[in-house]
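S.K.: next one to model:
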Amino acid sequence: MFREMRRKKQVLSPEECIEILEKGTAGVLALSGDQDYPYAVPISYVYHDSKLFFHSAQSGHKIDAIRKCGKASFCVIDQNHIVPEEYTTYFRSVIAFGQIHIMENEKEMRDAIERLAIKYDPDDTETNRNAVMDRGWGRLCMIQLDIEHLSGKEAIELAQTK
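M.R.: Have a look, this model is predicted:
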């Protein structure tokens with residue numbers, strides 16, 4: 001169903017892919033947009049238990065695209081060190097493929113937004129975090145991507161150092 005990577009020496013292990021997803025702060029969510037044009041949007045996220053969670057406004061291009069087609073991919077670039085003398089970059093990146101949907105269960109939504117809040121401000125108090133979440137709750141939309149396939153790759157120069 002999903003393509004195998006051609007350059008086997010550059011493949012990242014599932015554990016390395018998850019590590020990149022856990023430490024990353026932003027990625028690009030790719031959806032099928034208007035008139036079947038690809039729609040790719042930079043977005044913050046949190047990874048948990050083979051799922052990615054995003055927050056959003058309740059309407060807009062992203063929400064329309066998710067309602068239209070439940071398939072998505074999400075790319076995170078972990079490293080992109082430019083090496084001018086070689087006309088290249090030493091990169092590490094991950095692409096997650098899966099089914100995406102708008103969350104409806106309030107407890108699951110609350111758990112997801114709390115994970116997201118803790119990721120981006122781990123030192124915040126629970127009291128303040130809850131107050132902020134409560135203030136925006138009526139406008140909040142939470143999105144879940146259930147990962148079906150992970151693909152990670154790094155520059156051959158990085159792979160050779162292992």
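S.K.: can I assume residue 55 sits in a strand?
M.R.: Yes - Residue 55: assigned to a strand according to DSSP: H, G, I helix; E, B strand; the rest coil.
S.K.: wait, residue 48 sits on residue 115?
M.R.: Yes - with contact defined as C-beta atoms under 8 Å, residue 48 counts as touching residue 115 (5.7 Å). (Each C-beta comes from the backbone N, C-alpha and C, glycine too.)
S.K.: hang on, residue 17 in a strand?
M.R.: No - read with three-state DSSP, residue 17 is helix and lies in no strand.
S.K.: ok, now how distant is it from residue 44?
M.R.: According to C-beta to C-beta, to the nearest Å, residue 17 stands 19 Å off from residue 44.
S.K.: residue 90 too?
M.R.: For residue 90, the distance to residue 44 - C-beta to C-beta - is 25 Å.
S.K.: now do residue 136
M.R.: 15 Å.
S.K.: more crowded one of those two?
M.R.: residue 44 (14 against 10; other C-beta atoms under 10 Å).
S.K.: looking at it, the more buried one is touching residue 115, isn't it?
M.R.: No - using C-beta under 8 Å, residue 44 makes no contact with residue 115, being 11.8 Å away.
S.K.: helices of the chain, start to end?
M.R.: Assigned by DSSP state H, the chain shows helices spanning 14-23, 61-68, 106-120, 126-136, 156-159.
S.K.: alpha carbons of the shortest one, in CSV - could you do that?
M.R.: Read that as helix 156-159. The C-alpha trace of helix 156-159 is given here as CSV (Å, rounded to 0.1, in the frame of the first residue of the first chain):
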residue,chain,number,x,y,z
ILE,A,156,23.6,9.6,3.1
GLU,A,157,26.4,11.5,4.9
LEU,A,158,24.5,11.2,8.2
ALA,A,159,23.7,7.5,7.6
